[in-house]
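In: generate a structure from the sequence data that follows.
(one chain, ligands or ions: 1)
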Amino acid sequence: MNINNKQPDRSAFAYCLRVLVFSVLITALLLGSTIYILMTYGLSTGTLQANIGILAIFIINIEILVPFLLVRQLIKPLEKLNIASEKLARGDFNVSLVYTGKISELETVFQNFQMMSEELASVETLRNDFVSNVSHEFKTPLTSIEGYATLLQNNELTDTERKEYTDHIISGTKRLSSLVSNILFLTKVESQNIQPEVSTYRLDEQVLQILLQQEPIWSQKDIEFELNFSEIVYSGSEQLLYHVWSNLISNAIKYSYPKGPIKIQLDKVKDTIVFTITDYGIGISEHHQRHIFEKFYQVDTEHKSQGNGLGLAQVKKILDLTGNQIRVRCNEISGTTFTVILNTK
Ligand code: ADP
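Out: Below you'll find the predicted structure:
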């Protein structure tokens, strides 16, 4: 054992003990030296009384000073903590609290308090960003609805114009409605208000069913699928995983070039099930790959109106909630590959 590595005990108990031992030693030293002087020099009664008086004053002073210093060491930081927590309670998260004393318990309390205020500050920033993103996403379709509704007030419109404007209004309201349901769903998953209902079902059939549902979109782009599925029975939340596959498949279609193939593979690998979807579309640069799972993050301006940047955030939250993983990879030949790894243990 290396003695040099031994840290001194900095607990409040050890601190009080050290101060008390120090005060007892000083008192004993004073008493001892007084007795020694008295015995050596044999002083008169008057001098003796004066010495005892001085000694008593010394000892009383020490006995007052020691507890005072002790209490001060404990009270001072508590006062600081009190002021900081009042600030925090009022919503001011920029609190900086540094402990300079010697008591380890107080140091830990200060560090935890600092961590808590930093965490609250980052949650507040996220909340503000979320509110401004939501407002922005609402504003675009609302402005378009307002504009076309105003145009519709003109009595001299042709039937074609009237139809065109109402189509724009309908698509604006659809966008708003999908935005609201996506936000509600994401909030539910984030606050864990959704209790994943576990059932045992055929995963390959679920993916096939989603592909069939999206047929009107992929057939428009002439997309061909290369499917490599094993028969896979899985126990998990069918409802939540539905969102995962349908978001990944619809993105692969959305960001593919016309006629571009899409490969989907579903395999059992040891204790996991691996779902891989590869498209040959526009790809995602490394910088953007780091952000695509954030709420409202959209890389491609051309397709912005076809989504709201919430799909992959939902996918990630669902997989986190159910203890599974997702990875993204891009290379020059293929566009984008998303891999979902489901734990079966
Ligand atoms: P959106 O509704 O805009 O598609 P997502 O959250 O699903 O939002 O995706 C976030 C962003 O990631 C998209 O806006 C897009 O830029 C990018 N992205 C997602 N999937 C792909 C893909 N397969 N190929 C290229 N880019 C993609």
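
In: every contact and neighbour count from this point should use C-alpha atoms.
Out: Noted.

In: so for the helix or strand in which residue 75 is found, mean pLDDT?
Out: Using DSSP states H and E, residue 75 sits in helix 45-89. Helix 45-89 carries an average pLDDT of 80.

In: can you give the distance of it from its chain's centre?
Out: Using C-alpha atoms, centre = their mean, to the nearest Å, the distance from the centre of helix 45-89 to the centre of the chain it belongs to is 45 Å.

In: cool, stretch 253-266 as well?
Out: Centre to centre, stretch against its chain (C-alpha atoms, centre = their mean), the figure for stretch 253-266 is 32 Å.

In: quick one, the helix or strand just after the helix holding residue 75 and helix 45-89 angle?
Out: Heading C-terminal from helix 45-89, the first helix or strand you meet, by DSSP H and E, is helix 104-152. The directions of helix 104-152 and helix 45-89 differ by 20 degrees, with axes from the mean of the first three to the mean of the last three C-alpha atoms, to 10 degrees as the criterion.

In: determine if any part of helix 104-152 is in contact with the ligand.
Out: No: judged by C-alpha under 6 Å from any ligand atom, helix 104-152 stays clear of the ligand, getting no closer than 11.5 Å.

In: and that helix, what other elements does it pack with?
Out: Counting contacts by 3 or more C-alpha pairs under 8 Å, 6 or more residues apart in numbering; DSSP states H and E, helix 104-152 is packed against helix 45-89, helix 159-190.

In: the ligand: which of those helices is closest?
Out: Among those, helix 159-190 comes nearest to the ligand, with 9.6 Å by C-alpha to the nearest ligand atom.

In: so which elements touch that closest one?
Out: Against helix 159-190 (3+ C-alpha pairs under 8 Å, 6+ apart) you get helix 104-152, helix 311-321.

In: pick the most buried one from those.
Out: Neighbour counts (mean count of other C-alpha atoms under 10 Å) averaged over each of these peak at helix 311-321, with a mean of 21.

In: just the closest residue of the stretch 101-250 of the chain to the ligand, please.
Out: When scored by C-alpha to the nearest ligand atom, the stretch 101-250 of the chain has residue 247 as its residue closest to the ligand, at 6.2 Å.

In: any idea how many residues pack against the residue lying closest to residue 63 once chain neighbours are set aside?
Out: Once flanking residues are discounted, residue 63 sits nearest to residue 23: 7.4 Å by C-alpha to C-alpha, 6 or more residues apart in numbering. Neighbour count of residue 23, defined by other C-alpha atoms under 10 Å: 18.

In: do residue 287 as well
Out: 8.

In: how close does it get to the ligand?
Out: As judged by C-alpha to the nearest ligand atom, to the nearest Å, residue 287 and the ligand stand 12 Å apart.

In: ok, that residue to residue 37 distance?
Out: 82 Å (C-alpha to C-alpha, to the nearest Å).

In: same list, the helices and strands packed on helix 104-152, but as CSV with mean neighbour count and distance to residue 130 please.
Out: Shown next, in CSV, are these (neighbours: other C-alpha atoms under 10 Å; distance: least, C-alpha to C-alpha, whole Å):
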stretch, mean neighbour count, distance to residue 130
helix 45-89, 14, 22
helix 159-190, 15, 10
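
In: could I get those helices as a markdown table with distance to residue 134?
Out: As requested, those are exported to a markdown table (distance: least, C-alpha to C-alpha, whole Å):
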| stretch | distance to residue 134 |
| --- | --- |
| helix 45-89 | 27 |
| helix 159-190 | 9 |
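
In: pLDDT-wise, which helix or strand of the chain ranks last?
Out: Least confident helix or strand, the chain: helix 12-41 with a mean of 77, by mean pLDDT, DSSP states H and E.

In: by contact count, what packs against that helix?
Out: helix 45-89.

In: go with 10 Å
Out: With contacts taken as 3 or more C-alpha pairs under 10 Å, 6 or more residues apart in numbering; DSSP states H and E, helix 12-41 sits against helix 45-89, helix 104-152.

In: quick one: it to helix 104-152, angle?
Out: Inter-element angle recorded for helix 12-41 and helix 104-152: 150 degrees (by the same axes, to 10 degrees).

In: quick one: low-confidence ranges for the stretch 151-300 of the chain?
Out: When residues are selected by pLDDT under 70, those of the stretch 151-300 of the chain lie in 193.

In: can you name the residues that contact the most centrally placed residue in the chain?
Out: By C-alpha atoms, centre = their mean, the chain has its centre lying nearest to residue 123, at 7.6 Å. Neighbouring residues of residue 123 by C-alpha atoms under 10 Å, 6 or more residues apart in numbering: 117, 129.
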